[in-house]
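Novice: sharing a model prediction with you, sequence too.
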Amino acid sequence: MLIFNAFAQDGNNVLVVSKDGMKNIPAYIREGTVYFSLKDFADAVGVNYYYNEDAQKIEVKFDEYSIKASARNPFLVLNEKKGEKQLVIQLPTSTYLISKKVYVPLIYSLNAIGQAYGKELKYEAPNKIVIGKPKEVTTETTEVTSAKFNIMGIILNEKANGTLITVKSNKRIPSYLSAFKNGVLTLTFRKVNVDVERVKHIGSEGVVKKIEAKNVGADAIINITVGKEYTTNEVMNIENSNDIQITIHNKLFNQTSSSNKLKDKWEFDVIVIDAGHGGQDAGAIGVNGVKEKDINLSIALKLGKLIEENMKDVKVVYTRKTDKFIDLYKRGKIANENNGKLFISIHCNSTPKKPSTANGFEVYLLRPGRTKEAISIAEFENSVIQYEENPNRYEKLTDENFILVSMAHSSYMKYSERFAEYLHKEFSNHPTLSSRGVKQAGFYVLVGASMPSVLIESGFLSNTNDAKHLSTSTGQHKFAEYVFSGIKKYRESYELEMQDE
């Protein structure tokens with residue numbers, strides 16, 4: 001008999017007890033869930049394994065079956081060694097990579113490990129797992145899941161500015177509805193059922209106080225009770241996943257602060273202008289050979305001059321005024337250190353195929369991209385980290401961490417959206433270039449700026465007319481004038497709102 005005893009109180013190990021003695025193997029505790037290392041488990045029970053460091057994948061080889069797990073992946077795969085049987089199991093939470101070891105969630109992985117090991121696994125509270133009599137993998141299916149429910153659980157990530165809730169589902173949720181009333185956010189997920197016990201949550205100091213679920217007919221309903229600090233929420237599908245992300249935002253500032261202090265903090269007195277790319281990073285290259293970095297800088301300087309001449313009480317801060325490369329994170333740092341009230345990052349667009357017919361302006365807000373085009377543009381703009389000394393400081397676009405850090409903009413988002421709409425209206429007046437609207441994507445340069453922020457694509461350098469227009473001083477100045485006009489209208493509405501606070 002083999003017993004796992006997970007010591008959640010110290011979060012350091014799992015005790016494996018067998019007739020041959022006891023062994024401690026590493027454990028990791030996150031959100032109350034115990035994870036353990038598959039490699040160390042294999043060593044503890046005396047079975048072989050293979051670990052691919054490049055792919056970050058481990059295969060544990062039992063007598064009849066092998067089980068495979070990849071880092072940051074919610075699937076376990078069992079393969080029959082002498083046949084073609086395969087069992088694909090989706091876990092309600094992803095695995096982790098810690099010190100080059102793949103950690104799997106203990107309770108949720110029991111059935112899969114037992115199937116592969118050929119022995120029955122039974123969980124016994126408190127934190128004990130007994131591996132008993134032999135069993136066989138009986139399924140002939142090539143793809144099944146471990147849970148009888150579609151929504152198998154939730155993962156909460158508490159941050160100072162809100163909470164990220166990941167709803168784990170083994171089925172694509174076709175549609176959902178949301179409503180907020182009397183401190184309760186009600187989410188109705190159509191044509192799926194929910195494991196009520198696994199979704200249940202009692203909160204403490206965070207904005208989320210309680211989560212309850214129930215099945216009503218063919219639908220699942222999740223009720224999220226929030227505290228008085230709640231402001232807004234957002235529900236979105238995760239790219240290439242069945243899961244749903246829910247962001248619950250709270251109030252950024254302490255409401256006990258005096259109104260005078262708030263007004264001082266929000267006085268519209270600093271605008272930060274960021275000329276994208278620079279130095280060794282040329283950005284996009286136009287069909288006429290012009291470099292994006294040069295156009296961005298020229299527009300930034302012209303825009304700054306308009307502000308300095310027409311808004312004497314506003315300080316202009318440039319992230320760069322010369323042909324110099326600035327790390328993306330440093331651009332946001334510059335903005336924050338100067339207590340910026342508006343951050344404008346200026347860029348030029350392009351398409352892989354040149355010349356192209358795509359033309360016009362685009363305004364982007366910081367949110368995870370929801371279209372392939374937006375993601376593609378963000379990936380291009382973010383690719384400049386290859387020139388930085390430490391590119392590992394940035395998380396991938398698909399990571400939960402990016403969604404969490406973008407939540408920091410939740411309190412500024414309505415101002416960012418307002419400014420973006422003013423820009424869109426101004427750009428719509430251009431005689432030759434069209435305005436392609438306000439969009440959203442995951443730009444690293446906007447992540448660090450703790451203030452209302454937008455990224456503007458001033459035109460397509462892959463388009464012959466756009467490239468020609470933006471290469472001229474007249475075209476650049478015209479663009480700067482449109483942006484400045486948007487700033488003036490935004491400032492008027494912003495200061496009017498601040499007077500009413």
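Specialist: That came in fine, so what should we check first?

Novice: quick one, strands of the stretch 101-250 of the chain?
Specialist: 101-105, 119-124, 128-134, 151-159, 162-169, 176-181, 184-189, 201-202, 208-216, 219-226, 230-237, 244-250 (DSSP state E, counting those that start in this stretch).

Novice: neighbours around Asn310, how many?
Specialist: 11 (other Cβ atoms under 10 Å). (Each C-beta comes from the backbone N, C-alpha and C, glycine too.)

Novice: thinking it is in contact with Glu481, fair?
Specialist: No: with contact defined as Cβ atoms under 8 Å, Asn310 does not count as touching Glu481 (10.6 Å).

Novice: which stretches of the stretch 151-300 of the chain have low pLDDT?
Specialist: 159-161, 204-205, 239-240, 251-266 (pLDDT under 70).

Novice: go again using 80 as the cut-off
Specialist: Where the stretch 151-300 of the chain drops to pLDDT under 80, the residues are 156-162, 174-175, 203-206, 231-234, 236-241, 249-266.

Novice: likewise the stretch 401-501 of the chain?
Specialist: Within the stretch 401-501 of the chain, the stretches falling below the threshold (pLDDT under 80) are 401-414, 439-450, 497-501.

Novice: can you pull out the strands in it?
Specialist: 435-441, 453-460.

Novice: quick check: which of the strands of the stretch 101-250 of the chain is nearest to Gln280?
Specialist: Taking Cβ to Cβ, strand 151-159 is the member of those nearest to Gln280, at 34.9 Å.

Novice: just checking, what packs against the closest one?
Specialist: Packing partners of strand 151-159 (3 or more Cβ pairs under 8 Å, 6 or more residues apart in numbering; DSSP states H and E): strand 162-169, helix 196-199, strand 208-216, helix 400-406.

Novice: residues in contact with the second one: which ones?
Specialist: Outside of helix 196-199, the residues that reach it under the criterion Cβ atoms under 8 Å, 6 or more residues apart in numbering are 92, 149, 151-154, 211-215, 222.

Novice: hang on, the earlier thing: and the strands of the stretch 401-501 of the chain, which is most packed in?
Specialist: Mean neighbour count, computed with mean count of other Cβ atoms under 10 Å, is highest for strand 453-460 among these, reaching a mean of 27.

Novice: what pairs with that strand, and is each one parallel or antiparallel?
Specialist: Here strand 453-460 is paired, per DSSP bridges, with strand 342-349 (parallel), strand 361-366 (antiparallel).

Novice: could you check the angle the longest one makes with strand 435-441?
Specialist: Pointing back at strand 342-349 there. If you take axes from the mean of the first three to the mean of the last three Cα atoms, to 10 degrees, strand 342-349 sits at 110 degrees to strand 435-441.

Novice: dump strand 342-349 to CSV, keeping only the CA atoms.
Specialist: C-alpha atoms of strand 342-349 as CSV (Å, rounded to 0.1, in the frame of the first residue of the first chain):
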residue,chain,number,x,y,z
LEU,A,342,-2.0,60.7,-20.7
PHE,A,343,0.3,58.2,-22.5
ILE,A,344,0.4,58.3,-26.4
SER,A,345,2.5,55.7,-28.2
ILE,A,346,3.0,56.5,-31.9
HIS,A,347,3.6,53.8,-34.5
CYS,A,348,3.1,53.0,-38.2
ASN,A,349,1.3,49.9,-39.4
